[in-house]
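A.B. asks: return a 3D structure for these sequence lines:
(chains A, B, C and D)
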There are 2 protein chains.
Amino acid sequence: MDAIDRIILGELLRDGRLSFRDLAARVRLSPTATAERVRRLADAGVISGFHAEVDLAALGRPLKAFIDVRLRPGSDHAELEAGLLSLPAVLSGVHVTGRWDYTLTVACRDVAELDELVMALPRSYGVIETNTRLQLRELHGSGVEALCALVEPK
Amino acid sequence: MDAIDRIILGELLRDGRLSFRDLAARVRLSPTATAERVRRLADAGVISGFHAEVDLAALGRPLKAFIDVRLRPGSDHAELEAGLLSLPAVLSGVHVTGRWDYTLTVACRDVAELDELVMALPRSYGVIETNTRLQLRELHGSGVEALCALVEPK
DNA sequence: TGTGAAAGATACGAATA
DNA sequence: TATTCGTATCTTTCACA
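C.D. replies: Numbers count the residues shown, from 1 in each chain, chains lettered A, B, ... in the order given. I've put the predicted structure just below:
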């Protein structure tokens, strides 16, 4: 992966629908050569996909929170994981080290829905303890901008 | 936002580079009407952008972790936030409720880099306490799939 | 909000260096 | 890996329902 590939990555991180023509102009290659580089980056797994970014607040789910959970020892984790992720508000879950087994990221319509979710977890999903942290604010520059800084050549 | 818009959202979440022609076929509208709907969704802020997804491991940063931090009371948080996000390994940061002020998401080359980062925080960024959780595994179905389930009509 | 048609822009494949 | 070129496909604009 050379400097040109890094520029390409940065541009596609910012605008995933950029045409090969415009992208090519940015890196001073022909559109064909540029498309070929993007194809190679995808084949190599460096680019794992292109996605629309949706605003959860605009979808009626303005309340984001992180729920740390601990599961009952000896239970079937695979099955419980699937159950947790099948909950509508649950966006993602990661298995982490430390006092808690998983951290779930959730997006709720309001605190009532979050309350319901937090209370439902111990009842039906093998969860024996939870800790909920509300997201107050996302730091400016989180996400795409940080990734761009990581991939772009100096 | 009707059912057709929800289908469009789901498709663009899965493949952000889908052509309007193919997207139109999926929702049984003309490409023109489909493009107009996407434009409206973007104008309304429901779609906030399109981005490539990069594999951090393929970029040489296979170690993901969450670092909870507490800042020195009375310090200039705005400035410290900018400092934290300017660190190369830091992908994002959120201000959260509870015992910790922020949770940083970081991607490191190896544990040595993570160690260096965790030790550097108290020295230079107004951080007075940290708690690091390694990401062992992301649950299958985190991310796009969960979002699709949220937007797609039943 | 929707359609269809036509012009201009873009992507793709083949030949080649 | 890159370029150019020809052809196929796609996007966008416009007139109109």
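
A.B. asks: can I get the CA coordinates of stretch A:138-148 in PDB?
C.D. replies: C-alpha atoms of stretch A:138-148 as PDB (Å, rounded to 0.1, in the frame of the first residue of the first chain):
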ATOM      1  CA  GLU A 138     -19.600  12.600  20.800                       C
ATOM      2  CA  LEU A 139     -16.300  14.400  20.600                       C
ATOM      3  CA  HIS A 140     -15.900  16.500  17.500                       C
ATOM      4  CA  GLY A 141     -13.600  14.700  15.100                       C
ATOM      5  CA  SER A 142     -14.600  11.200  16.100                       C
ATOM      6  CA  GLY A 143     -15.100   8.800  13.300                       C
ATOM      7  CA  VAL A 144     -14.200   9.500   9.700                       C
ATOM      8  CA  GLU A 145     -11.800  12.300  10.500                       C
ATOM      9  CA  ALA A 146      -9.700  10.300  12.900                       C
ATOM     10  CA  LEU A 147      -9.600   7.400  10.400                       C
ATOM     11  CA  CYS A 148      -8.500   9.800   7.700                       C
END
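
A.B. asks: which parts of chain A are strands?
C.D. replies: With strands called from DSSP state E, chain A shows them at A:47-54, A:63-71, A:90-96, A:102-108, A:127-138.

A.B. asks: deepest in the core, which of the ones you listed is it.
C.D. replies: strand A:102-108 (a mean of 22; mean count of other C-beta atoms under 10 Å in any protein chain shown). Where C-beta positions appear, they are placed from N, C-alpha and C, glycine not excepted.

A.B. asks: which strands and helices sit next to that one?
C.D. replies: Under the contact definition 3 or more C-beta pairs under 8 Å, 6 or more residues apart in numbering or on different chains; DSSP states H and E, strand A:102-108 sits against strand A:63-71, helix A:77-85, strand A:90-96, helix A:111-124.

A.B. asks: for A:Lys64, see how far away the spatially most central residue of chain A is.
C.D. replies: Nearest residue to the geometric centre of chain A (C-alpha atoms, centre = their mean): A:Ser92, 7.5 Å. Distance of A:Ser92 to A:Lys64, computed by C-beta to C-beta, to the nearest Å: 11 Å.

A.B. asks: quick one: contacts of stretch A:28-48?
C.D. replies: Here stretch A:28-48 makes contact (C-beta atoms under 8 Å, 6 or more residues apart in numbering or on different chains) with A:1, A:4-5, A:8-9, A:12, A:20-21, A:23-24, A:27, B:52-55, B:58-59.

A.B. asks: does it reach DNA strand C?
C.D. replies: Yes: remark: stretch A:28-48 sits within contact range of DNA strand C at A:Pro31, A:Thr32, A:Ala35, by C-beta under 7 Å from any atom of the strand.

A.B. asks: of those, closest to A:Glu81?
C.D. replies: Nearest to A:Glu81 among the residues of stretch A:28-48 next to DNA strand C is A:Ala35, at 38.3 Å by C-beta to C-beta.

A.B. asks: that older thread, tell me, what's touching A:Ser92 and A:Lys64 both at once?
C.D. replies: A:Thr105.

A.B. asks: domain map for chain A?
C.D. replies: A:3-51, A:57-134 (automatic domain parsing).
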